[in-house]
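Novice: The sequence and its predicted three-dimensional model are supplied below.
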Amino acid sequence: MSDKIEIKATETGVVRVFAVDIPADQIAAFTARNGRWPLREALGAEALDADHVEVFDASDLASVGLPGYLADGHAIPEDQLEPMRARLMAQKGTLMVVTSRAFQGTAQTLTPRAPLSLIGTFQEADDPITFGALPDASARTPEAEPEAEEPARKAPSDAAMSGRVATVVLLVLALLVIVMVWIAA
């Protein structure tokens, strides 16, 4: 495959599906990271996070199929899957799913080559966040009530004032003692 795939540093929510055309007994060596990483080299990626790359056999998805897996597991909208449904269902052998997070926010140009071939690129659904009413009245903030006037602050008691005066006097005396010791030295 000679097509190049541009990855932007700000890319989010993109899911790419590749066919991996190698015998099943070579998959472990292809995905192993021991000095070199054949999967990353075949993808032509500079930065790649293995936690966001999935390699599996298409038969593992027999109950839901690849379109169901993409819809349920990666939130790909049906309108993107429908035009490719027949092609996605026809996939056999090893598949690789790579999400935007795999590129670690690094702008790069992928140059996929054998044994990889791009099946499709999809964009996860971008549902707007909405906030509904809270179900329980105890979870809601109380209705705005007119602000009550704050009670006037009480004046400090005579004992509190005497304590403050005594503290200031002791600090002044301590400072005088320190100055006298310093002069005498």
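Specialist: Cool, got the structure. Quantities reported herein were computed from a predicted structural model and do not represent experimental measurements.

Novice: Please count neighbours and contacts with C-alpha atoms only from this point.
Specialist: OK.

Novice: ok, the residue nearest the centre of the chain - contacts?
Specialist: Residue closest to the average C-alpha location in the chain (C-alpha atoms, centre = their mean): Arg101, at 7.8 Å. Taking C-alpha atoms under 8 Å, 6 or more residues apart in numbering, we find Arg101 in contact with Thr12, Asp49, His52.

Novice: and it, which of the three is it?
Specialist: helix (DSSP: H, G, I helix; E, B strand; the rest coil).

Novice: Pull the residues that contact stretch 64-74.
Specialist: Contacts of stretch 64-74 (C-alpha under 8 Å, 6+ apart): Val15, Ala58, Leu61, Ile76, Pro77, Glu78, Leu81, Arg85, Leu88, Met89, Gln91, Glu124.

Novice: Now, the contacts of Arg101 that are in helices?
Specialist: Judged by DSSP state H, those include no members of helices.

Novice: now those in JSON lines, with distance to Ile129, pLDDT and neighbour count?
Specialist: Below are these laid out as JSON lines (distance: C-alpha to C-alpha, whole Å; pLDDT from 0 to 100; neighbours: other C-alpha atoms under 10 Å):
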{"residue": "Thr12", "distance to Ile129": "17", "pLDDT": "94", "neighbour count": "15"}
{"residue": "Asp49", "distance to Ile129": "28", "pLDDT": "94", "neighbour count": "14"}
{"residue": "His52", "distance to Ile129": "24", "pLDDT": "96", "neighbour count": "14"}
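
Novice: and which of those residues is nearest to Pro151?
Specialist: Thr12 (53.8 Å; C-alpha to C-alpha).

Novice: quick one: the helix or strand of the chain with the lowest mean pLDDT to chain centroid distance?
Specialist: Counting by mean pLDDT, DSSP states H and E, the chain has its least confident helix or strand at helix 158-184, which shows a mean of 90. How far helix 158-184 lies from its chain's middle: 57 Å, per C-alpha atoms, centre = their mean, to the nearest Å.

Novice: So for the host helix or strand of Leu88, what gets flagged as buried?
Specialist: Per DSSP states H and E: Leu88 is located in helix 85-89. Residues of helix 85-89 classed as buried by neighbour count (16 or more other C-alpha atoms under 10 Å): Leu88, Met89.

Novice: which residues touch that helix?
Specialist: Gly65, Leu66, Pro67, Ile119.

Novice: thinking again about what came up before, and the contacts of Arg101, which is closest to Phe131?
Specialist: Distances from Phe131 to the contacts of Arg101, taken by C-alpha to C-alpha, are shortest for Thr12, at 23.2 Å.
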